[in-house]
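# Give me a model of this one.
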Amino acid sequence: MTSGNVIHDNKIDNISPAAGFGIGVYTGNNTYADITNNHMTNVRKGIQGVNPVCGLEM
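As a prediction, this is how the structure comes out:
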C-alpha cells in the first residue's frame, strides 16, 4: 500500500479512449492519494479508483 501521494494543480487534457483508456487520474492496487484542484478536459473519466477507495470526497 502507498499513501501520502498528492496529485494537485494539474491540467490534464486530451486523454481520449483512442490513446488508452481515457482516464485522467487512476489510483489502484492499494494506492491512496489526495487528488485536488486539477483541471481535466477531454477525458472519458476524470478519476478512477479501485481496491478500495475509502473516504472519497467529491
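
# give me every residue that touches residue 2.
Contact partners of residue 2, counting by Cβ atoms under 8 Å, 6 or more residues apart in numbering, are 30-32. For every residue, glycine as well, the C-beta is placed using N, CA and C.

# Please disregard the earlier target; I meant residue 48.
Contacts of residue 48 (Cβ under 8 Å, 6+ apart): 23, 25-28.

# Secondary structure element for it, which one?
Secondary structure from DSSP states H and E places residue 48 in strand 45-49.

# chain center to that strand: distance?
5 Å (Cα atoms, centre = their mean, to the nearest Å).

# Flag every buried residue along it.
For strand 45-49, burial by neighbour count (16 or more other Cβ atoms under 10 Å) applies to 46-47, 49.

# residue ranges with poor pLDDT in the chain?
The chain contains residues with pLDDT under 70 at 19-20, 51-58.

# Which secondary structure state is assigned to the residue sitting furthest away from the middle of the chain?
Farthest-out residue of the chain from its mean C-alpha position, per Cα atoms, centre = their mean: residue 18, at 18.0 Å. Secondary structure state of residue 18, per DSSP: H, G, I helix; E, B strand; the rest coil, is helix.

# how many neighbours does residue 22 have?
Neighbour count for residue 22, taken as other Cβ atoms under 10 Å: 16.

# And for the closest residue in space to it that isn't next to it in sequence, the neighbour number?
Nearest residue to residue 22, sequence neighbours excluded (Cβ to Cβ, 6 or more residues apart in numbering): residue 44, at 2.9 Å. Using other Cβ under 10 Å, the number of residues around residue 44 comes to 14.

# circling back to that earlier point, which one of the contacts of residue 48 is nearest residue 39?
residue 25 (11.7 Å; Cβ to Cβ).

# what pairs with that closest one across the strands?
Here residue 25 sits in beta bridges with residue 47, going by DSSP bridges.

# who's in contact with residue 42?
Taking Cβ under 8 Å, 6+ apart, one finds 13-16 in contact with residue 42.
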